[in-house]
Structure formats: C-alpha cells, structure tokens
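return a 3D structure for these sequence lines:
(2 chains)
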There are 2 protein chains.
Amino acid sequence: MALIVQKFGGSSVADAKKLFNVAGRVTDAYKEGNSVVVVVSAQGDTTDDLIAKAHEINESPSKREMDVLLSTGEQISISLLAMAIEKMGFPVVSLTGWQAGMNTDSNYGSARIKTIDTERLKRELDSRRIVIVAGFQGINKYDDITTLGRGGSDTTAVALAAALGADVCEIYTDVDGIYTADPRIVKNARKLDDISYDEMLELASLGANVLHNRSVELALKYNVKLEVKSSFERIPGTIVKEVGKVEKMLVRGVTRDNNVARISLVNIEDTPGKAFKIFSLLAKKNINVDVILQSIGRGNTKDITFTVEEGSLQAAIDVLQENLSSIGATDVKYTKDISKVSVVGAGMASNPGVATLMFEALYDANINIHMISTSEIKISVLIDQKDAENAVRAIHDKFKLA
Amino acid sequence: MALIVQKFGGSSVADAKKLFNVAGRVTDAYKEGNSVVVVVSAQGDTTDDLIAKAHEINESPSKREMDVLLSTGEQISISLLAMAIEKMGFPVVSLTGWQAGMNTDSNYGSARIKTIDTERLKRELDSRRIVIVAGFQGINKYDDITTLGRGGSDTTAVALAAALGADVCEIYTDVDGIYTADPRIVKNARKLDDISYDEMLELASLGANVLHNRSVELALKYNVKLEVKSSFERIPGTIVKEVGKVEKMLVRGVTRDNNVARISLVNIEDTPGKAFKIFSLLAKKNINVDVILQSIGRGNTKDITFTVEEGSLQAAIDVLQENLSSIGATDVKYTKDISKVSVVGAGMASNPGVATLMFEALYDANINIHMISTSEIKISVLIDQKDAENAVRAIHDKFKLA
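You can find the predicted model right below:
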C-alpha cells in the first residue's frame, strides 16, 4: 500500500478530544494498510506560552536557548498523540526532530533542513509502527536543538515526504482546502480540486494562510504531492501537484495580505550602488523585502519604496535610520495601513488582458492603487487596508471565480 | 580553582524570581573562579501536570512515551535558567540529558546511568561556560529518551560530579542541612555539620526527604563529597563525606517514614521456597520490599509480613491475590496506617544499649511496636501512624540529641 505523511497543526491537537480525533484519522489510514508518518505541531497556544515564559526572564534570550525551550512544545504533542494511539491499540513510536534525523544548519530560530537521516524512520516503518515526528525542529552539527521558524511543521512534513518518497503529504488544517478567495470575505468563493505548485506558491506567499510558501517550494523541488484537507470533516481537500497548463482558467484565486508595511526612502542621491546598499543592510538583519519600486530619477535624487512584513517593520526602520547618511537619503517614511491584493493563475502570462481586468475591477470599486508588482503567474497591488475586502470581492466577481 | 556541581530541585526554580535566585548562587560560584555545572529539576508542579495531561489521554501509557513527555519538564528548566544567567551577563549553555552524554539502560521510567560521555561537558567547561544540565533524564542505546525515576536529579548531579571528578556536589534544598530529626516534629532538633555516607544512606532511606538514597549510594561508591544546603539562605549546610568512626555520638538522628504499607500473607504452607516465590513475584513487578518478618512455623503453616512503599501497595496486593493459590496462603492482609521510626548512627553496632534505650523511650510514651528491623547502623520499628510524631520526640529526647 501507500506511504502517507500526515501533518496536523497546533489547533488540531489542542486538547485530549482533538488528539483522539487526530488519532482516528491516523489509525484509519494505517488500518487501510498504509505506512503512516505523522508530523505534529505544539498544542494550541503552547509556543506562545513558552515565549511569554522566556520573556518574563529575559526579553532577548539567545536563540539557541529559545530553541531548547520551544522544541519542548512539539515533544509534548508527539508523546501525547502516541499515547492516544496506544490507547486505541495500535503500534506507535514518537520521535523528536533529532531522533527523526532532521539535520539542519545552525541558524537557530529559523534553521534550514540540510539532510534527513531516514534510517530510524525506515526501521520503525518496517516494523509496522505508526511514526509520530515532532514538527518544527531539528539538530545541527554541534548536536544542538534548532527550530525551523515560520511554517516549520509544514516544512518538516514535506521534507519527510520527499526523503521517504511518500505517495502523498496530507496537510490537515482548519479549512477544507484552497479557495478562490478567503470564504470569510467572499461568500461565493469556490474550493479548488487541484492547483499547481507555482500557483500555490504565489497564493501561499500572498496571504492564503494555509500552507507556508517554504513548504510549497520544497514540495515543488522534490515533486511531493500535497493535499490540503480538513482536520475535522472527512471530505476531499485540494491537491497541489504538477498540472498541465490550464488554458481555460486564467485566474485561480484572489488573496489579500494585511501583514504588509511599506517603507520609502526619499531623496536618495542618484548614484550607483544605492539599492545594493539598502537591501544588503536589510538582508544582514534577516529582513525579507517583497515588492520594490524605484522612482525614475528626477534631477540628482530618486526614491526607493518597498514592502516588508509588519513584524519586520521596526527592525527595518532602525537599521535604515542608523545608516541614513551613508545611504544618502533625507528621510525614511512608512505606513502599516496597507494591504496587498493579488490574483494568481498559471495561464496569466500569455494573457495581458488579466491585468487590465483586475485594474478595471478596482477602478469600478473606486479603489486607489499605490504600487503594482507582477510575475509570470500573479499580479499584486498595494492598496489602502480599508479597501482590501472590497477589492477582493470586486476582483473575484470580475473574474467570475464563483 | 574548584570544579563544583550544584543541584537545584523543582521548588527552587519554580518561577522567574526563584530562577534568578538560583542564577545568583550559580554566578557567585563562577565569579570566584570555579568551573560550575548546574543540575536542575522540572519547575514546581510541572511533572505532576504532565502526568495528569498523559492520564487524561491514557491511564496506562507506555513508559517510553511517558519519558518523552516528562523529560520536557527539565528541558524547560534548563533553558529558562540559562536565559536568566545570560541576562546577568555570564556565558552559559544548557544541555539535555542526551546532550550531556548521560547514557542509561532501557528501563524507561527508572533507568540507571551506565556511563557518562563527558566530552561535550569538558569542552564547554574549558571554554569557561557555566553548564546547565537537565536532571532526571538520559538516553539509551536506541537513542531513546529515558528518565531516572525517583531521586533522579540528585542522581544526575552525583553521577556528573563523579564523572568529572568534581571537588564537591552541592545539593540545594528547602531545608538548610541534615537534622537530628525533622524540625517540624522536634522543635529542638539540631543541624549536623557533617555525616558519614552510611549514616546519610540510612537517614535517606528512612524518610529524611532531603537526599534520595540512590544518589548517596553513588556518592559513597565514587567518594563524591556532598553538601546539603539551603537554596535561599546563605549559610553552611551539612557535609556528607567519609568520616572517621564517631565514638562519642552513638545516634546521629531520628527519622519517621509514613510512606509505608504492611502486607501479611497468612497461613502459608510451611514448605521450602515460599519466600523465594513471594519475593520474586514482587521483584518482577519492580516492587521494593523493605522490612521482612517471618513467623516461626506453627504446625504446618507460617505467616510472612513485610513492608512496601504505599505507592506499590495496590500492585503488590494484585500480584499476590492472583498467585494466592500457587503461594499456598489463605489470605493477604494489609494496612497503610503505620509508620517506620528509625534511629541512625555509625557508632551503634558496638553499643547494644542503643536498642534498649530506643525501646525504653517508646515504652515510656506508651507506644506499641509491631515490627523491628536492625542493621549495623540503624534500628527501625513499625508503629501505628498516629503515634509516630510522639515516638520521634520521645526518642530524640531519650538520646539527648538536642
């Protein structure tokens, strides 16, 4: 039969009842004769509680010690889920990140998986045990515990699926699949049966809070078939896989991301190397920059505007203020009251009409566009946050996604 | 300077304030130029909370998974203490049991330390870091997490002190040393400056809840100098070490242990092998038996009476009831309403008057003795639990220990 990797998030394992629900999903797959590897996150608010505990003692603890602390959250989950599965009478073993052979680099707090030593995993699967693996964590070459940062458990699941050659990696979540738009905003949003990696990647990075783009990138790289489905309802989800060019549907979905801040450096001296200077300063602080827009030079100065995640705003402002004179700008301006609204679809590149249609929808809804960014398969606009939900609805209607 | 191992129990690290108190003790020793290894237990009620969490899911989970769960308690403590020490500006690193090289057997829940691979510990100490080690836990040959069971953190500390050749192993507790009797029962009990391993061993196993006898045994075996002292007050404690024969004081202390249950098997067929049969049944269930008393055979039957810890009573009754016919007894009787009161002192063996004096004290206080057990350096009696405190006071007075 098949080898299945299942991943359950923190809200799916938050209490005893939910753990038994998960145990039921896991043992059903096992009873069908499949080999099952399960990746779990920390229960409910455990991670936040541990962070609060740490900050009570030290507002800026070393990342190494933070990882020692945070990794206990998933270790608690794996043992409790294993106990639930034992209770149901199935053979099971829990493995921490280091026991599961998750070797990472030493970037504590946001480590990258380097290799997976699958020997133990395979041995446990060969003895027909259900294997529960702690998500989000690994071990570096110094035998120190690391954590993978945002989207860590999804990444663990996909990486395990790739390393073990799993037939499918099932991501169980609060929602039952990928929609053409957030159903809380757009009432007639429609669930997609399948979606390509590229499209999912754009959706993930554009605010569809279902799969972290890091895990989708990994799935694309290793051709891991993903299925996003509900933890609670037993219905088919959305399959993410390599699909043939879809000509009939240009746009697969509309997303909104409020977790965006815009920063502008104004009156920068118009000499070469300025962009390099600015973005290398930000990269050193591990700040990811998204949309970048540089004004056409007027006289001897120019402006550079870009967006970052809201959580990185303060750090970005700090490093830019410190280096304002060496950058050669007069001022740093910023706002958090913006949203990024995007349309995504693999058929878009060859259809210039898509952008026009999107801008028309926004014009009809009287929404002002601040910045525009395009790629092969998506178009994003920055607009005022107050307009974002209207924009999503207007675009969803305009493209007849319902 | 010296190499010091310090051990702090769960109540000493229960919250942020207490963690900083501990951090202060640790860094003071470090500032004096010493190399410092610190062993900590789980915070306050953490272990009990984790056990409750497990039992909510499975009342009898596998011991392997229980150890995965319980070991998170100490892992949380080590990281938080390291963060407190970082906050005070000292170099520090936390190590879990497996990182600290604590290799144990595979007896989950009550594993024994086999070897300690000190390579990492020594490397960290050589780079002048304070090393925080998770007590109570280790790793077996399968790379699975184990816990050491009762007295585990004391055992970790003493084992580390032995492996590293530490100059002293300081055990920090709620009390400020070893007393001639429990100060809560006997008002004029006196703190001892020092005590021999043998005496401490008897006191520990007889209900002085300061050091677990397992850790004292280990200290004796490897000649580790122990000091029992207060976590909170900065005063000298009691030193446990090899001391010369003490002739002037026969009795060093009086203890009471309420955690005792008495079991009697009555009307056992008086044929050879019965005691072997009974105690091997109990040993298989990992039940420790303490005082044993066998009645002189009367006709063709005899009675065997013995004591176990209260926590083992139910398991002992169960296994004996199941095998009652093969043991050849008619009935199992038991009671929990008893206490063991003991006097301990290395000078006792050569002074037969000690037992007489003890029995006289109990007679004067009108206390009935159920069973008597003696060793080279202690005399224990089993009495009704209601009489126990009176008995301790009466004996303490009789031996003029104040």
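
so after the longest helix seen in chain A, what's the next helix or strand?
Determined from DSSP state H, the single longest helix within chain A is helix A:63-87. Next helix or strand after helix A:63-87 toward the C-terminus (DSSP states H and E): strand A:92-95.

may I see the buried residues of stretch A:362-378?
Neighbour-count burial for stretch A:362-378 flags A:L362, A:A365, A:I367, A:I369, A:H370, A:M371, A:S373, A:I377, A:K378 (criterion: 16 or more other C-beta atoms under 10 Å in any protein chain shown). Glycine gets a C-beta too; all of them are placed from N, C-alpha and C.

sorry, that was for stretch A:60-72
Buried residues in stretch A:60-72 (16+ other C-beta under 10 Å): A:P61, A:S62, A:K63, A:R64, A:E65, A:M66, A:D67, A:V68, A:L69, A:L70, A:S71, A:T72.

okay, the buried residues of stretch A:362-378 in a markdown table with pLDDT and distance to B:A402 next?
As requested, the buried residues of stretch A:362-378 are exported to a markdown table (pLDDT from 0 to 100; distance: C-beta to C-beta, whole Å):
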| residue | pLDDT | distance to B:A402 |
| --- | --- | --- |
| A:L362 | 88 | 90 |
| A:A365 | 90 | 90 |
| A:I367 | 88 | 88 |
| A:I369 | 83 | 89 |
| A:H370 | 82 | 84 |
| A:M371 | 80 | 84 |
| A:S373 | 78 | 84 |
| A:I377 | 77 | 87 |
| A:K378 | 81 | 85 |
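
turn these into a markdown table, including secondary structure and distance to chain B.
Below are those laid out as a markdown table (DSSP: H, G, I helix; E, B strand; the rest coil; distance: C-beta to the nearest C-beta, whole Å):
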| residue | secondary structure | distance to chain B |
| --- | --- | --- |
| A:L362 | helix | 49 |
| A:A365 | coil | 50 |
| A:I367 | coil | 47 |
| A:I369 | coil | 46 |
| A:H370 | coil | 42 |
| A:M371 | strand | 41 |
| A:S373 | strand | 40 |
| A:I377 | coil | 43 |
| A:K378 | strand | 41 |
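
between which two of these is the distance greatest?
Spatial extent of the buried residues of stretch A:362-378 (C-beta to C-beta) is set by the pair A:A365 and A:I377 at 23.6 Å.

packing partners for the host helix or strand of A:R25?
Element membership for A:R25 (DSSP H and E) is helix A:16-31. Helices and strands touching helix A:16-31, by 3 or more C-beta pairs under 8 Å, 6 or more residues apart in numbering or on different chains; DSSP states H and E, are strand A:3-8, strand A:35-40, helix A:63-87, strand A:130-134, helix B:46-57.

who wins for proximity to A:L19 among those?
Taking those one by one with C-beta to C-beta, helix A:63-87 is closest: 4.7 Å.

CA atoms only: put the helix holding A:R25 into CSV for me.
Output of helix A:16-31 as CSV, limited to C-alpha atoms (Å, rounded to 0.1, in the frame of the first residue of the first chain):
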residue,chain,number,x,y,z
ALA,A,16,-7.4,15.4,24.6
LYS,A,17,-10.6,15.2,22.4
LYS,A,18,-8.8,16.7,19.4
LEU,A,19,-5.9,14.4,19.9
PHE,A,20,-8.2,11.4,19.7
ASN,A,21,-9.8,12.9,16.5
VAL,A,22,-6.3,13.1,15.0
ALA,A,23,-5.5,9.6,16.3
GLY,A,24,-8.7,8.4,14.5
ARG,A,25,-7.5,9.9,11.1
VAL,A,26,-4.1,8.4,11.6
THR,A,27,-5.2,4.9,12.5
ASP,A,28,-7.8,4.9,9.7
ALA,A,29,-5.0,5.4,7.2
TYR,A,30,-3.0,2.7,9.0
LYS,A,31,-5.9,0.2,9.0
